[in-house]
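*Asks:* everything below, folded, please.
(one chain, ligands or ions: 2)
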Amino acid sequence: MAHQERTFIAIKPDGVQHSLVGEIIKHFEQKGFHLVAMKFLQASQELLKQHYIDLKDRPFFPGLVKYMNSGPVVAMVWEVLNMVKMGQMMLGETNPADSKPGTIRGVFCIQVGRNIIHGSNSVKSAEKEISLWFKPEELVDYKSCAFDWIYE
Ligand code: IDP
Ligand code: MG
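*Replies:* Ligands and ions are numbered 1, 2, ... in the order given. Predicted structure coming up:
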């Protein structure tokens with residue numbers, strides 16, 4: 001059976017303000033990602049500083065935290081085979097200017113500081129991020145009726 005990995009994906013405040021929540025979720029749903037958890041919240045500065053801790057010494061860090069805290073976000077956990085590669089393919093590059101046209105960042109945004117979506121970039125960071133944003137009981141375990149039509 002195909003081994004699936006979990007990733008943490010967040011629609012950032014600009015994605016929410018541009019009314020792209022449904023559109024973005026549709027991409028993951030239709031591609032065949034398996035939804036495990038989802039919530040709508042305005043993240044605290046503390047949570048965001050933890051989330052982006054690896055970037056704390058970068059010059060854009062204060063602006064990044066302010067941007068991410070400026071409005072609500074949609075936090076999600078999705079499961080998919082080979083999630084790092086698949087996530088990169090779906091999201092595009094960090095800088096929308098370098099993102100291919102078919103990717104979420106390639107289609108819906110222009111600048112790196114307003115790139116509308118976050119996705120984990122390793123299995124380890126996904127685990128860290130999921131435990132930061134979700135309690136274990138918020139992760140739902142169920143079988144998708146489409147599983148055997150998505151995986152061979
Ligand atoms: P990622 O989101 O593609 O994993 P990271 O390098 O981890 O990219 O950076 C996290 C986030 O920080 C980016 O998605 C973007 O919102 C923001 N960011 C990264 N580099 C810059 C920059 O040079 N200026 C402003 N914001 C940046
Ligand atoms: Mg990153």
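
*Asks:* write out the residues of the chain neighbouring ligand 1.
*Replies:* Residues of the chain lying close to ligand 1 by C-beta under 6 Å from any ligand atom are Leu55, Phe60, Leu64, Thr94, Val112, Gly113, Asn115, His118, Asn121. All C-beta atoms are positioned from the backbone trio N, CA, C, and that covers glycine.

*Asks:* quick one: which of those residues has the most company?
*Replies:* Asn115 (24 neighbours; other C-beta atoms under 10 Å).

*Asks:* low-confidence ranges in the protein?
*Replies:* 1-2 (pLDDT under 70).

*Asks:* redo that, cut-off 90
*Replies:* 1-3 (pLDDT under 90).

*Asks:* which parts of this protein are strands?
*Replies:* Ranges of strands within the chain are 4-11, 34-41, 73-81, 117-119, based on DSSP state E.

*Asks:* now these as a markdown table including distance to Phe147?
*Replies:* Formatted as a markdown table, those follow (distance: least, C-beta to C-beta, whole Å):
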| stretch | distance to Phe147 |
| --- | --- |
| strand 4-11 | 9 |
| strand 34-41 | 8 |
| strand 73-81 | 10 |
| strand 117-119 | 22 |
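
*Asks:* wait, doesn't Gly15 sit right on Val21?
*Replies:* Yes - in this structure, Gly15 is within contact of Val21 by C-beta atoms under 8 Å, at 6.9 Å.

*Asks:* overlap in contacts, those two.
*Replies:* Val74 (C-beta atoms under 8 Å, 6 or more residues apart in numbering).

*Asks:* these two: who's more crowded?
*Replies:* Neighbour tally, Gly15 and Val21, criterion other C-beta under 10 Å: the higher count belongs to Gly15, 24 against 16.

*Asks:* distance of the more buried one relative to Asp141?
*Replies:* As judged by C-beta to C-beta, to the nearest Å, Gly15 and Asp141 stand 27 Å apart.

*Asks:* list the residues that contact the spatially closest residue to Ile150 that is not a sequence neighbour.
*Replies:* Distance criterion C-beta to C-beta, 6 or more residues apart in numbering; nearest residue to Ile150, sequence neighbours excluded, is Gly32 at 4.0 Å. With contacts defined as C-beta under 8 Å, 6+ apart, Gly32 is in contact with Val80, Ala146, Ile150.
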